[in-house]
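Sequence plus the predicted model coming up.
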Amino acid sequence: DEASGGGKRLGDFSRAGLRARFCVLRALNEVARHALPLVDLSRYEDQLDTAHALASSKGRIAHTLKDELFRRSLDLTRDHSEIPEVECNRGTLPADKRRAEATVFSQLYRALGDLQRHSLRAVDKRGSGKQAWVMTFQGEGGSDYGGLFRDSVREVCGELQCSPSPLRLLVPCPNQRIGLGGNQDRWVPNPALKGKKHLGQLRFLGTLMGVSLRTGSSMELDLAAFVWKSLVGENCTMGDLEAVDHQFGQDVALLRKASTSPDQWRSLGRSWRVRGVSGRPACLRAGPGDAAAPVAYEDRHAYLSAYVAYRLGECQAQIAAIREGFCEVVPRLVLPLLTWRELESRVCGSAVIDAKVLRSITEHNLPGKDKHPVAVKFWNVVTAFSNDDRAALLAFAWGRRRLPPGNRGGMHLKIELLHGRGDEALPEAHTCFFAVDIPDYSSEAVLRQKLLYAIHNCRCIDNDFVARGASLQHGEEALLEEE
């Protein structure tokens with residue numbers, strides 16, 4: 001709705017009206033299919049250019065057409081060199097306790113940051129899915145057939161989105177910080193980071209986002225909508241800011257109401273010093289004068305305009321750095337055709353894991369397939385799981401917590417029977433091959449208990465220490481087997 005101009009719902013139209021609109025949309029897409037290869041999309045900002053007309057209709061262009069264009073663009077710009085090998089030490093500390101230089105992000109930045117950026121356009125398919133580098137974690141066994149690569153991406157997202165973050169590249173949105181309003185899970189670029197070092201790191205973050213799109217590794221990034229909008233060339237609006245900063249919206253409404261009365265305005269006692277998205281103070285006054293001095297009634301309109309303009313452009317330098325890195329891996333010419341939601345979905349996948357969708361991409365390597373008692377108990381348990389539990393199951397089986405949109409890449413979860421094991425054993429996972437081995441437990445309750453323990457307590461990847469035969473009653477930790 002938002003991308004296409006929104007407004008009316010389908011139920012507001014007659015059947016004849018819907019048929020007519022469908023015919024128009026089909027005709028538009030037929031024209032677009034022939035026109036797109038001939039249009040210079042870099043001119044999308046020119047309102048007199050055909051590129052602008054196509055970009056303005058992005059919400060009405062079919063996903064299949066965009067997918068075809070995107071796939072061709074990625075294939076044509078793919079680098080065919082060998083993917084690099086990277087070794088990192090993630091240690092045992094949680095993400096928010098690590099030193100900045102010891103984070104997996106910083107280690108990847110040091111290892112990959114000096115490479116020619118286009119070299120990260122190279123991908124390899126070794127197990128279940130594509131990867132852009134071969135990962136080794138010091139002190140942990142396992143060969144990387146995709147699982148370790150995905151695990152490194154997941155580690156980076158955890159380091160970027162923890163509070164306090166050792167990297168400080170992203171900060172909690174105001175609604176998250178004060179626990180008020182919607183979108184409290186969203187993060188924004190830190191506007192205080194303007195130096196060459198930090199902008200370089202933000203650029204590398206954009207590179208990783210591009211790698212995620214190329215490989216379908218679904219980064220678990222919860223960025224505010226205005227970040228995604230800026231990446232696809234859409235303008236940030238007041239509504240975008242209010243979505244992650246409820247107090248800002250209320251503040252602007254209060255200022256506008258008070259601007260009609262000198263007494264009301266003076267009673268607010270507003271100064272030229274305001275707070276930005278990260279909570280840090282900023283001065284709106286460019287010329288000489290005391291930033292703490294009250295804003296005169298005669299300056300109210302200039303103050304309001306400056307306040308809103310400052311907030312709308314506050315993170316643009318940081319977003320520009322992210323976009324620069326992103327476009328070194330992904331062709332920038334295809335971005336104007338994507339809505340911000342489509343780009344977010346391509347980079348991050350969906351945070352909501354539907355049990356029906358997960359089941360639809362599952363191969364049951366069991367006698368009787370999904371009718372086998374193990375499969376029946378498994379799906380009864382998984383269907384009753386919370387979304388967080390299903391995300392943990394995905395991470396246990398595959399090394400990431402989200403599915404790529406539309407199951408791009410044709411990934412399939414494989415469920416197999418773990419023979420000769422009883423109720424004391426835990427499930428085993430093979431993240432490189434998106435597979436889970438499950439014993440034939442005596443009851444659904446036992447399967448639920450063992451599966452929950454395994455998916456929430458398994459972190460290290462090591463061939464020498466696996467979940468095989470581990471016992472809950474002895475407090476042994478389930479460890480993930482990577483083959």
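The structure has been received and is ready for your questions.

Could I get the contacting residues of D12?
With CB atoms under 8 Å, 6 or more residues apart in numbering as the criterion, no residue contacts D12. Backbone N, C-alpha and C define where each C-beta goes, glycine included.

Give the residue spans of the chain that score low on pLDDT.
The model of the chain has pLDDT under 70 over residues 1-8, 116-118, 128, 286-289, 405-410, 459-483.

Break it down into its domains, please.
According to automatic domain parsing, the chain comprises the domains 85-233+316-348, 240-313, 355-457.

Of the ones you listed, flag the one that's most buried.
Neighbour counts (mean count of other CB atoms under 10 Å) averaged over each of the domains of the chain peak at domain 85-233+316-348, with a mean of 20.

Report the distance from that one to the chain centre.
8 Å (CA atoms, centre = their mean, to the nearest Å).

how about the domains of the chain, which one is nearest H34?
domain 85-233+316-348 (14.9 Å; CB to CB).

can you redo the domains of the chain as CSV with distance to L65?
Listed next are the domains of the chain as CSV, based on distance: least, CB to CB, whole Å:
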stretch, distance to L65
domain 85-233+316-348, 9
domain 240-313, 27
domain 355-457, 14
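
of all these, which lies closest to S42?
The minimum distance between S42 and the domains of the chain falls on domain 85-233+316-348, with 6.0 Å, by CB to CB.

Between the two ends of the closest one, how far is it?
24 Å (CA to CA, to the nearest Å).

How about stretch 253-273?
Distance across stretch 253-273, first residue to last, is 18 Å (CA to CA).

From the chain's centroid, how far away is that stretch?
With CA atoms, centre = their mean, you get 39 Å for stretch 253-273.

what does it contact?
By CB under 8 Å, 6+ apart, stretch 253-273 touches 281-285, 289, 291-295, 297, 300-301, 303-304, 307.

what do you get for stretch 149-159?
Contacts for stretch 149-159 (CB under 8 Å, 6+ apart): 86, 88, 90, 95, 98, 103-105, 108, 129, 131-135, 137, 165-167, 208, 211-212, 215, 217, 219-221, 395, 398-401, 431, 461.

List the ones among those that fall in strands.
V86, C88, G129, Q131, V134, M135, F137 (DSSP state E).

Would you point out the most distant pair within those residues?
Most distant of these, by CB to CB, are C88 and G129, 19.4 Å apart.

Could I get the full set of strands for this structure?
Secondary structure of the chain (DSSP E): strands at 85-88, 124-127, 129-131, 134-137, 170-172, 187-189, 273-275, 281-283, 362-365, 413-417, 428-430, 435-438.

Turn these into a markdown table, including distance to R154.
What follows is the strands of the chain, written out as a markdown table (distance: least, CB to CB, whole Å):
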| stretch | distance to R154 |
| --- | --- |
| strand 85-88 | 13 |
| strand 124-127 | 16 |
| strand 129-131 | 13 |
| strand 134-137 | 11 |
| strand 170-172 | 16 |
| strand 187-189 | 16 |
| strand 273-275 | 33 |
| strand 281-283 | 34 |
| strand 362-365 | 21 |
| strand 413-417 | 17 |
| strand 428-430 | 14 |
| strand 435-438 | 18 |
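
Compare those strands and give me the one nearest L202.
Of these, nearest to L202 by CB to CB is strand 187-189, at 6.5 Å.

looking at it, A192 is touching G279, isn't it?
No. When contacts are counted by CB atoms under 8 Å, A192 is not listed as touching G279 (10.1 Å).

still on that earlier bit, point out the one among the domains of the chain that comes closest to L10.
With CB to CB, the closest approach to L10 among the domains of the chain belongs to domain 85-233+316-348: 18.4 Å.

burial count for S42?
Around S42 there are 12 other residues, counting by other CB atoms under 10 Å.

so how far is A32 from it?
The gap separating S42 from A32 is 17 Å, by CB to CB, to the nearest Å.

Please apply the same query to A395.
Using CB to CB, one obtains 38 Å as the distance from A395 to A32.

before we move on, what about D437?
Note on D437: its distance to A32, by CB to CB, is 47 Å.

Please apply the same query to E344.
Remark: distance between E344 and A32 (CB to CB) = 22 Å.

With L413 instead?
Counting by CB to CB - L413 and A32 are separated by 36 Å.

what does R280 give?
Where A32 is concerned, R280 sits at a distance of 44 Å (CB to CB).

do V446 as well
V446 is 55 Å from A32, by CB to CB.

Likewise for W133?
Distance, W133 to A32, using CB to CB: 36 Å.

Name the nearest residue to G422, ignoring sequence neighbours.
Sequence neighbours aside, P439 is the residue nearest to G422 in space, at 6.6 Å (criterion: CB to CB, 6 or more residues apart in numbering).

ok, back up a step: tell me which of the ones in strands among the contacts of stretch 149-159 is nearest to A53?
Lowest distance from A53 to the ones in strands among the contacts of stretch 149-159 (CB to CB) belongs to G129, with 37.0 Å.

so who does that closest one touch?
Taking CB under 8 Å, 6+ apart as the test, what G129 contacts is G146, R150, T215, G216, S217, G409, M411, F434.

wait, doesn't the third one sit right on W133?
No. Here T215 lies out of contact with W133, judged by CB under 8 Å, at a distance of 9.8 Å.

and L447, what does it touch?
Shown in contact with L447 (CB under 8 Å, 6+ apart): V374, K377, F378, V381, I438, Y441.

Could you dump these into TSV with distance to L18 added?
Listed next are the contacts of L447 as TSV, based on distance: CB to CB, whole Å:
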residue	distance to L18
V374	46
K377	44
F378	41
V381	41
I438	46
Y441	50
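
quick one: the helices in the stretch 101-250 of the chain?
104-112, 147-160, 174-178, 196-215, 225-231, 238-244, 246-258 (DSSP state H, counting those that start in this stretch).

Which one of these lies nearest to K66?
Nearest of the helices of the stretch 101-250 of the chain (CB to CB): helix 196-215, 13.0 Å.

which other helices and strands contact the closest one?
The contact analysis (3 or more CB pairs under 8 Å, 6 or more residues apart in numbering; DSSP states H and E) places helix 196-215 against helix 104-112, strand 129-131, helix 147-160, helix 316-327, helix 340-348.

Output that helix as CSV, nothing but the C-alphas.
Coordinates of the C-alpha atoms in helix 196-215 are reproduced here as CSV (Å, rounded to 0.1, in the frame of the first residue of the first chain):
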residue,chain,number,x,y,z
LYS,A,196,37.2,8.5,8.7
LYS,A,197,37.6,5.4,10.8
HIS,A,198,33.9,5.1,11.8
LEU,A,199,32.6,6.0,8.3
GLY,A,200,34.9,3.3,6.9
GLN,A,201,33.4,0.8,9.3
LEU,A,202,29.9,1.9,8.3
ARG,A,203,30.9,1.5,4.7
PHE,A,204,32.0,-2.1,5.6
LEU,A,205,28.6,-2.7,7.2
GLY,A,206,27.1,-1.7,3.9
THR,A,207,29.4,-4.2,2.2
LEU,A,208,28.3,-6.9,4.5
MET,A,209,24.7,-6.1,3.8
GLY,A,210,25.5,-6.4,0.0
VAL,A,211,27.2,-9.8,0.7
SER,A,212,24.1,-10.9,2.6
LEU,A,213,21.9,-10.0,-0.4
ARG,A,214,24.2,-11.8,-2.8
THR,A,215,24.5,-15.0,-0.7
